[in-house]
Each structure stands twice: as C-alpha cells, then as structure tokens.
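Undergrad: Sequence first, predicted model second:
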Amino acid sequence: MPDHAQVLRFAVGSPAGPRSRSWRVWVPKAKSDVYISSRRLGSSVKVSLHEPGPSTFALTNEWVSRTGFQAPEGRHRRLAFNWLRPRTRPPNIVARPFTIIVPWDEVLDREAAELGDVIWLPPPPQDHALHIDVVYVPANMPVTGHPGARSMGTGLVGELLLHNGERVFLTHIARPIQVGLRNQIAKLRSAQVLDAQGRPLDRLGMMAFGAEPNPDADDGTQIGMLLDVTRPPAQ
C-alpha cells in the first residue's frame, strides 16, 4: 500500500487557452478516505467519501472557524449533506459514487494562470458536458486498462490505491446535456447573488451539489454530483 499521500489535480482545457475550474482529488497517507474539492475553493468546501463512514458534502471546519460562519437555525454547523453511496461488491462489482460535471461553455478564458502539475482533459463538444466519474474497484479485481474504456469509450484521468486494497479510478466521458441539466444550469446562471453590502456579484463561479438515485441498484444508494457553473456578467 502507498506510504504517502496521493493527489490528482485536473482541469478541462489547456494551460494557455480556455479552461475550466481545476479540481483536486486526494487520499491521505495510509487511509481509505477520498476527498474532492475545487482547488480555489478547497479551503472552504469539500466532498468526503469516508471509509467506512458517511459520504459528505460540507463546508470545512477550517473555513467555519476562520470566518465565524453561523449556519441558519436547525442546520448543521457546516451545512453538511450526507448520502448513502454505492459500495463495491467483491469479487467483481464496481461502484460509481460521485461525478463532477463540466458543461462545454464552462471552458472559459480565465484571468488567473493554472500552475503546477495539472492533468488536462479534452473539452466536450458544444451542447455536451464532460462527466468525470469516481469509480471504485474491489481489492484484487483484475482490470485491463480502466473502467469503461472498451464498453463506453471513457478516458483515464488517474488512479488511486486505498489502504483497504480498493482502487479508485477517475475517468472522463462527454455526454449530451439533457433538458433537465440544461434547465438547472440556466437557473443557476440567472440567480442573483449579493455581497455583504447587498451589491450584485458578477462573473461568479458556483458549485451546485446534488444526489440522484443509483441507476444500477434499487437499494437506496445515491450518486453524488457537483456541477461547475459560472454566473455571467450582467449585460
């Protein structure tokens, strides 16, 4: 098993051209927990795929402590949302508990340079979104290539090895944007967001989290999703 922390950093686009927000997926040393965040928002919010504990999307303890954030009455102090994720079933049943969705028009010209060791993924065609899937494979299960390579044409982002012997692959595939997702993107982009003084914020990056029923099993498990959206400047 790895005796060091493992990290994958990736984005859609290219270093010198239009690109998406960048992402970070990591596994601490000698652990089986997988964490996911946007690199620029990593200190404030993250996804935690705990083993064996819950799967959680939440503000970070560090951000809440630093800012003095007060959650609305009756809500978790970090606005945490937990969901029951699909699990592998040895010897050969894989699990897909999480997906990041990057629409084609989120590959934008951005002011800040993206530095460091970043895996660059191909932009999806117009009216498509790139789906980056987190796929767990049981310990000792033989895998040729990576999940979905032959059956679906997925590309590989990278691979992580967990302390419990499971392997985690990150794969990517472009899929057409269906009506429901298109409506959700439009709703987020049209939302009015205000700063502390009540002034509208323009060109605002958003991450929308949700969970949907697992289509591969009728057992109450859900697939968590993060949708990357930018609110355009006011006209």
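TA: Sure thing, it's come through. Numbering: from 1, shown residues only.

Undergrad: now the strands for the protein?
TA: 6-12, 23-27, 34-38, 45-49, 55-59, 81-83, 95-103, 119-121, 128-137, 155-161, 167-176, 204-213, 222-231 (DSSP state E).

Undergrad: could I get the ones you listed as a markdown table with distance to Pro72?
TA: (Each C-beta comes from the backbone N, C-alpha and C, glycine too.) As requested, the strands of the chain are exported to a markdown table (distance: least, CB to CB, whole Å):
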| stretch | distance to Pro72 |
| --- | --- |
| strand 6-12 | 33 |
| strand 23-27 | 28 |
| strand 34-38 | 23 |
| strand 45-49 | 16 |
| strand 55-59 | 13 |
| strand 81-83 | 14 |
| strand 95-103 | 26 |
| strand 119-121 | 37 |
| strand 128-137 | 30 |
| strand 155-161 | 35 |
| strand 167-176 | 34 |
| strand 204-213 | 17 |
| strand 222-231 | 22 |
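
Undergrad: For the ones you listed, which has the smallest mean pLDDT value?
TA: Sorting the strands of the chain by mean pLDDT places strand 204-213 lowest, at a mean of 84.

Undergrad: sorry, back to before: nearest to Glu73, out of the strands of the chain?
TA: Among those, strand 55-59 comes nearest to Glu73, with 16.4 Å by CB to CB.

Undergrad: Pull up the pairing partners for the closest one, direction included.
TA: strand 45-49 (antiparallel), strand 81-83 (antiparallel) (DSSP bridges).

Undergrad: Out of the ones you listed, which is the most enclosed?
TA: Of all those, strand 45-49 has the most neighbours on average by mean count of other CB atoms under 10 Å, namely a mean of 20.

Undergrad: max-length helix in the chain?
TA: helix 179-190 (DSSP state H).

Undergrad: Just the buried positions in it, please.
TA: Judged by neighbour count (16 or more other CB atoms under 10 Å), helix 179-190 contains these buried residues: Leu181, Gln184, Ile185, Leu188.

Undergrad: That one: how far from the chain's middle?
TA: Computed by CA atoms, centre = their mean, to the nearest Å, the separation of helix 179-190 from the middle of its chain amounts to 18 Å.

Undergrad: and for that helix, what are the contacting residues?
TA: The contact list for helix 179-190, computed with CB atoms under 8 Å, 6 or more residues apart in numbering, reads Ile101, Pro103, Ala129, Ile177, Met206, Ala208, Leu227, Val229, Thr230, Arg231, Pro232.
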